[in-house]
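S.K.: Need a 3D model of the sequence below.
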Amino acid sequence: MDLNAFTAGVEPGGLTHGYEIKILVCYLLDQIGAGMTFTQISDALLHRGLVNYFELANALSDLAESGHLTAEDCAGNQEDTRYYLTDLGRQTSATFSSTLPVSVREKAVKSARHQLLRRKLESANHADIRKTEDGYMVDMTICDIGSNLLSLSLFMPTEQEAQQVRQHFLSDPLLTYKGVIALLTGDLQTVGQLIPTEDEDYE
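M.R.: Down below sits the predicted model:
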């Protein structure tokens with residue numbers, strides 16, 4: 001069997017041993033303090049090249065079977081299965097997480113928090129791309145109780161540029177809002193400096 005099948009996508013410094021990935025999953029859920037779906041966990045860890053997809057899937061299955069995690073099946077779809085840490089899982093995290101490289105632990109938690117934040121922003125705010133005769137329109141909305149705080153449509157000539165606009169908007173909608181208010185009122189100091197409201201490392 002090709003061993004690369006179990007290391008594909010793992011960057012230097014990432015984890016290739018099953019037991020390490022299991023510890024990392026327990027540590028991640030312990031630090032996040034909430035249940036996460038398979039998709040959320042895989043997006044966070046694969047995005048950083050910390051683990052291999054198939055090794056992660058096996059680790060989650062084994063952890064649920066061994067009682068370190070409980071799995072809440074959603075409509076029989078693995079990607080929507082939500083995993084929760086048990087007391088045994090928390091004990092594993094407390095006992096063995098220090099054996100993992102600090103950089104791996106930090107990247108995992110940081111990536112997971114960004115992924116969860118992005119999904120929260122996507123559910124609370126909207127950015128849709130629609131094709132026009134000569135390009136693409138990005139329709140962006142910042143929602144609030146009652147009237148929307150902002151509704152903005154921006155034309156971009158290519159789909160790639162439209163996707164970039166959508167991604168940056170959803171990464172920090174408040175930054176867009178501050179920028180529009182500052183430019184239209186001319187009162188930059190009152191609105192605040194045009195810097196991201198959160199760590200801008202969303203890539």
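S.K.: What pLDDT is listed against the residue positioned nearest the centre of the chain?
M.R.: In the chain, the C-alpha nearest the mean C-alpha coordinate belongs to Gln115, at 1.2 Å (CA atoms, centre = their mean). Gln115 carries a pLDDT score of 80 in this model.
S.K.: just how off-centre is the longest helix along the chain within its chain?
M.R.: In the chain, taking DSSP state H as the definition, the longest helix is helix 102-124. Computed by CA atoms, centre = their mean, to the nearest Å, the separation of helix 102-124 from the middle of its chain amounts to 4 Å.
S.K.: Residues in contact with the very next helix or strand once past it: which ones?
M.R.: Where DSSP states H and E defines the elements, the next helix or strand beyond helix 102-124 is strand 125-132. The contact list for strand 125-132 (CB atoms under 8 Å, 6 or more residues apart in numbering) reads 136-143, 155, 159, 162-163, 165-166, 169-170, 173. All C-beta spots, glycine's among them, are computed from the backbone N, C-alpha and C.
S.K.: Filter those residues down to the buried ones.
M.R.: Tyr136, Val138, Met140, Thr141, Ile142, Ala162, Val165, Arg166, Phe169, Leu170, Pro173 (16 or more other CB atoms under 10 Å).
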